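Q: Sequence and predicted model, in that order:
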Amino acid sequence: MSIIERLWYHTARVWGEIMDLGESLEDYLETMLILEERHGKIRSVDVANEMAVSKPSVNKAMKILKEKGLLLQESYGDIHFTDSGKQLADKIYHRHKTISSFLCNVLGVDAEVADEEACHIEHVISEDTFQKIANFKK
């Protein structure tokens with residue numbers, strides 16, 4: 001195996017481990033991205049309010065996301081994305097918006113329903129199927 005192949009394999013393996021977050025943690029990343037865009041910062045209390053979950057639930061999720069190298073947070077301070085965390089949150093949010101738009105604009109699903117259903121679909125859809133939806137919209 002060449003150096004490039006080994007590097008590609010290692011990168012894909014690590015990215016696969018990061019990507020294997022599950023629906024709940026992906027929702028936390030997406031919510032934090034939205035809050036950062038809306039308020040310019042991310043606070044645990046805002047995440048809890050936006051997601052209608054308890055502060056201890058947010059703290060547990062933050063701990064896991066920090067351990068995976070996706071977030072940084074000083075003790076009781078604002079939350080910040082790492083580069084890989086921001087990249088992953090952007091990808092999750094892009095998938096959500098693309099699927100929601102497809103459901104609404106192509107299939108004629110009500111906007112509220114499309115947004116809610118996109119939230120479920122974005123976590124289980126294959127990359128190949130997602131790309132076909134994204135390309136179909138064009």
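A: That came through, no problem.
Q: Apart from its chain neighbours, what residue comes closest to Leu29?
A: Among residues not flanking Leu29 along the chain, Ala89 sits closest, at 4.2 Å (C-beta to C-beta, 6 or more residues apart in numbering). Quick note: C-beta positions are derived from backbone N, CA and C, even for glycine.
Q: Give me the phi and psi for that neighbour.
A: phi -60, psi -40 (degrees, to the nearest 10).
Q: what separates it from Asp27, distance-wise?
A: Applying C-beta to C-beta, to the nearest Å, the value for Ala89 to Asp27 is 11 Å.
Q: The residue nearest to Leu29 - how many residues pack around it?
A: 23 (other C-beta atoms under 10 Å).
Q: Tell me who's in contact with it.
A: 29-30, 32-33, 70, 81 (C-beta atoms under 8 Å, 6 or more residues apart in numbering).
Q: Please identify the buried residues of stretch 93-106?
A: 93, 95-96, 98-104 (16 or more other C-beta atoms under 10 Å).
Q: Can you show me the helices along the protein?
A: 3-19, 23-39, 44-51, 55-67, 83-101, 111-124, 127-137 (DSSP state H).
Q: What is the distance between the second one and the centre of its chain?
A: Centre-to-centre, helix 23-39 and its host chain are 7 Å apart (C-alpha atoms, centre = their mean, to the nearest Å).
Q: contacting residues around it?
A: Identification of contacts with helix 23-39 by C-beta under 8 Å, 6+ apart yields 21, 41-43, 46-47, 50-51, 58, 61-62, 64-65, 70-71, 79, 81, 85-86, 88-90, 92-93, 96, 119-120, 122-123.
Q: Point out where this structure drops to low pLDDT.
A: Applying pLDDT under 70 to the chain picks out residues 1-20, 137-138.
Q: same thing but at 90, please
A: Along the chain, segments meeting pLDDT under 90 span 1-23, 73-78, 120, 122-127, 136-138.
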